[in-house]
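[1] Sequence first, predicted model second:
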Amino acid sequence: MSDSAVDVDLLVVGAGPCGLYAAYYAGFRGLSIAIVDALPEAGGQITALYPEKLIFDIAGFPAVRGKDLVENLVRQASPFHPRYLLGEQAVGYELAGDRAVITCASGTTVSAGAVVVTGGIGTFTPRPLPGGADWEGKGLAYIVPTYLPYADLDVVVVGGGDSAVDWALGLEGVARSVTLVHRRDEFRAHAHSVKLLKDSSIRLVTPAQVASISGDSRVTAVTVKDVKTKELTELPAQAVVAALGFSADITPLESWGLDVRERHIVVDTRMATNLPRVFAAGDITEYPGKARLISVGFGEAATAVCNAATVLDPEATVFPGHSTEQLEGPAA
């Protein structure tokens with residue numbers, strides 16, 4: 001069957017960590033799976049933004065690098081042969097008897113007995129650096145998928161959130177120098193990361209904003225302006241990383257008719273949405289007491305799949321038994 005018409009038991013919308021774990025769990029329950037994601041690679045935000053970042057809140061791992069976590073999740077699901085439909089945006093939903101039919105922007109359609117939405121924050125795009133458009137691809141970047149291209153460069157990182165601080169810390173020791181420019185004296189990043197930042201060799205320029213970027217064919221310098229004194233300072237730089245946050249868009253999912261409140265999908269204790277045969281898990285969901293952690297999302301993904309299994313087969317039980325009780329197969 002071509003990708004233009006796909007038929008599976010379960011469709012996972014979102015190939016981030018929760019989506020990949022949902023694919024594993026669906027396979028463990030004997031379901032055929034397809035995974036749709038607007039990004040060209042599996043892993044969601046982690047692959048796109050934080051592949052080198054160490055993650056500390058995954059149960060059983062004192063620390064795991066983002067790209068290694070994604071690689072392990074893909075490997076965990078692989079024995080069940082999920083069908084990846086990457087670079088596809090799921091834009092439409094309709095119910096056709098006992099099937100949920102999802103239409104992608106490309107025209108691809110997926111007919112599934114149930115759907116689990118694990119779309120994270122939805123489609124996300126970086127907020128641009130004012131005046132930086134002419135320097136994109138010439139030394140200005142908005143994400144850092146790997147640190148190697150920054151070896152022996154003077155790098156200016158702009159921003160004060162987790163991305164900016166994490167990337168600055170990751171670049172320390174790789175780049176010749178790292179300067180972090182932030183418009184406030186205080187940072188929005190996690191307290192532990194901020195402590196590491198202040199104990200590092202990274203130069204902090206606060207409160208300040210980028211006034212201009214200069215160079216010939218590529219960036220050679222960044223001029224920053226002190227927010228309080230308006231004094232201008234020129235910093236040597238062959239690379240600029242603007243980490244100013246992201247604009248999230250879940251409009252395509254809203255068009256399905258999902259109950260969306262403040263960019264999150266409302267679910268019940270079964271992780272069921274307001275639409276028949278559609279469940280959700282991970283950061284995109286909302287319910288009382290919600291904690292947006294990858295570790296929580298893994299449990300939600302399993303819960304969503306197990307409840308979806310009972311929709312597909314009314315005689316199935318929510319709890320499938322422990323994987324260690326299986327005598328054969330990759331889940332044993």
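    That came in fine, so what should we check first? Note that the structure is predicted; figures quoted are calculated from it, not measured.
[2] Give me the distance between the residue most central in space within the chain and Leu73.
    Central residue of the chain (Cα atoms, centre = their mean): Gln45, 2.1 Å from the mean position. To Leu73, Gln45 is 14 Å away according to Cβ to Cβ, to the nearest Å. Every C-beta, even on glycine, is put in place using the N, C-alpha and C of the backbone.
[3] and the residue nearest to the centre of the chain, that's in a helix?
    Yes. The assignment for Gln45 by DSSP: H, G, I helix; E, B strand; the rest coil puts it in a helix.
[4] correct me, but it touches Gly16?
    Yes. Gln45 is within contact range of Gly16, at 6.3 Å (criterion: Cβ atoms under 8 Å).
[5] Next, show the common contact partners of those two.
    Gly120 (Cβ atoms under 8 Å, 6 or more residues apart in numbering).
[6] residue contacts, Ile143?
    Ile143 neighbours (Cβ under 8 Å, 6+ apart): 48-49, 126.
[7] For the residue nearest to the centre of the chain, give its distance to Gly282.
    For Gln45 relative to Gly282 (Cβ to Cβ), the value is 11 Å.
[8] low-scoring pLDDT stretches of the stretch 101-250 of the chain, where are they?
    Applying pLDDT under 70 to the stretch 101-250 of the chain picks out residues 121-124, 247-248.
[9] Tell me where it has helices.
    Here the stretch 101-250 of the chain has its helices, by DSSP state H, counting those that start in this stretch, at 162-171, 191-198.
[10] buried residues in the shortest one?
    For helix 191-198, the buried set under the neighbour-count rule, 16 or more other Cβ atoms under 10 Å, comprises 193-194, 196-197.
[11] could you say what helices and strands that helix packs with?
    helix 162-171 (3 or more Cβ pairs under 8 Å, 6 or more residues apart in numbering; DSSP states H and E).
[12] which stretches of the stretch 1-150 of the chain form strands?
    5-13, 33-37, 54-55, 64-65, 83-86, 90-96, 99-104, 109-117, 123-126, 140-141 (DSSP state E, counting those that start in this stretch).
[13] Tell me which of these sits most buried.
    Burial of those is given as mean neighbour count (mean count of other Cβ atoms under 10 Å); strand 33-37 ranks first at a mean of 26.
[14] what's the burial count for the closest residue to Pro130 other than its chain neighbours?
    Spatial nearest neighbour of Pro130, excluding adjacent residues (Cβ to Cβ, 6 or more residues apart in numbering): Val210 at 7.6 Å. By other Cβ atoms under 10 Å, the residues close to Val210 number 21.
[15] Just list whatever residues bridge to Val210.
    Applying DSSP bridges to Val210 yields these beta-bridge partners: Val224.
[16] how close does the residue nearest to the centre of the chain sit to Ser4?
    From Gln45 to Ser4 the distance is 28 Å (Cβ to Cβ).
[17] Tabulate the helices of the stretch 101-250 of the chain (JSON lines), appending distance to Val101.
    Formatted as JSON lines, the helices of the stretch 101-250 of the chain follow (distance: least, Cβ to Cβ, whole Å):
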{"stretch": "helix 162-171", "distance to Val101": "37"}
{"stretch": "helix 191-198", "distance to Val101": "44"}
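[18] Run a quick check on Pro40 versus Glu88, I expect a contact.
    No. Using Cβ under 8 Å, Pro40 is not in contact with Glu88; the gap is 9.9 Å.
[19] So for those two, which sits in the more crowded spot?
    Using other Cβ under 10 Å, the more surrounded residue of Pro40 and Glu88 is Glu88, with 23 against 10.
[20] Identify the bridge partners of the nearest residue to that one once chain neighbours are set aside.
    Spatial nearest neighbour of Glu88, excluding adjacent residues (Cβ to Cβ, 6+ apart): Cys104 at 4.3 Å. Going by DSSP bridges, Cys104 is paired in beta bridges with Ala90.
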